[in-house]
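K.L.:
sequence unknown, structure follows:
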Ligand code: HEM
């Protein structure tokens, strides 16, 4: 009787078999060989697990478009076609990657000299002590500027007053009013000491700004004596040149 019960319950083994002879039957369950570990032993996931440290997931669309119910029910295969999911790397179950990233300065940015930050430029712009429309005498040394303008509170970089410029080797640019400027005339102002550039149809004397440019003097000089609007837009369309260079405006670009 017990034997038939154990059989019906799917219990087996020697104790079950001999249970008819013993007083208290012992019931021993078979080891569960049907339970499936995840991922399955013969799955692609498991095969690829030791390959790489970083997990990567790629989901490709099913080979064939999912057919209508009527078509699918042709008896060939009842299971729906699943997308092919490939998991590689031992880190499939690894903890998520850290969010603590080292953020570097964007490529192209340079370390500007002390006293040539954007804040210094804003101060220089507001100060009114320097006429930014005139040439910027780069050859005028800081020491010379100090001699010429003693006791000023502004940083050395903003001490280039009109006086200083007059006394330095370069004469003033002589911009007294906004003028029409042709590309040919603009092209003559293409050196570091005397640099004009056009942005959006306006011509600026960018010489004083060169050393303040976060992208470096070299980048700025690519547009020396030219209409540099396109270069500018490629580098940083979000920068407001109109405000930054408002006191450097010398005129408006016209055709030759
Ligand atoms: C020939 C024209 C110019 C070129 C080729 C140029 C190029 C560059 C480059 C390569 C950078 C570094 C980009 C970066 O941080 O990823 C930069 C930064 C910058 N430039 Fe220019 N530039 C030009 C003109 C100007 C002008 C006329 C101004 C202002 C009036 C200006 C203001 C700035 C500012 C504020 C930054 C920092 C931008 C930021 O941090 O987002 N640039 N430039």
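P.N.:
Sure, I can see it. None of the values given here were measured: they were computed from a predicted structure.
K.L.:
got the domain boundaries for the chain?
P.N.:
1-32, 118-253 (automatic domain parsing).
K.L.:
least confident of the ones you listed, on average?
P.N.:
Among those, domain 1-32 carries the lowest mean pLDDT, at a mean of 50.
K.L.:
how about the nearest residue to residue 217 once chain neighbours are set aside, secondary structure?
P.N.:
Distances taken as CB to CB, 6 or more residues apart in numbering place residue 210 nearest to residue 217, at 4.8 Å, with adjacent residues excluded. For glycine as for every other residue, the C-beta is placed from the backbone atoms N, C-alpha and C. Assigned with DSSP: H, G, I helix; E, B strand; the rest coil, residue 210 falls in the helix class.
K.L.:
start at 500 instead
P.N.:
Okay, using 500 as the starting number, the last item reads as residue 709.
K.L.:
surely residue 709 meets residue 719?
P.N.:
Yes - here residue 709 reaches residue 719: they are 5.4 Å apart, a contact under CB atoms under 8 Å.
K.L.:
shared neighbours, those two?
P.N.:
residue 694 (CB atoms under 8 Å, 6 or more residues apart in numbering).
K.L.:
quick one on the thing from earlier: roughly how far does the residue nearest to residue 716 sit from the ligand?
P.N.:
Separation of residue 709 from the ligand (CB to the nearest ligand atom, to the nearest Å): 10 Å.
K.L.:
look up how far residue 699 lies from that residue.
P.N.:
19 Å (CB to CB, to the nearest Å).
K.L.:
go on, residue 615?
P.N.:
25 Å.
K.L.:
between the two, tell me which one has more neighbours.
P.N.:
Neighbour count, other CB atoms under 10 Å: between residue 615 and residue 699, residue 615 has more, with 20 against 11.
K.L.:
ok, the more buried one touching residue 713?
P.N.:
No - at 9.4 Å, residue 615 does not count as touching residue 713 under the criterion of CB under 8 Å.
K.L.:
how about residues contacting the strand or helix carrying residue 729?
P.N.:
Per DSSP states H and E, residue 729 falls inside helix 728-735. Applying CB under 8 Å, 6+ apart, the contact partners of helix 728-735 are 607, 697, 698, 699, 714, 718, 721, 722, 738, 740.
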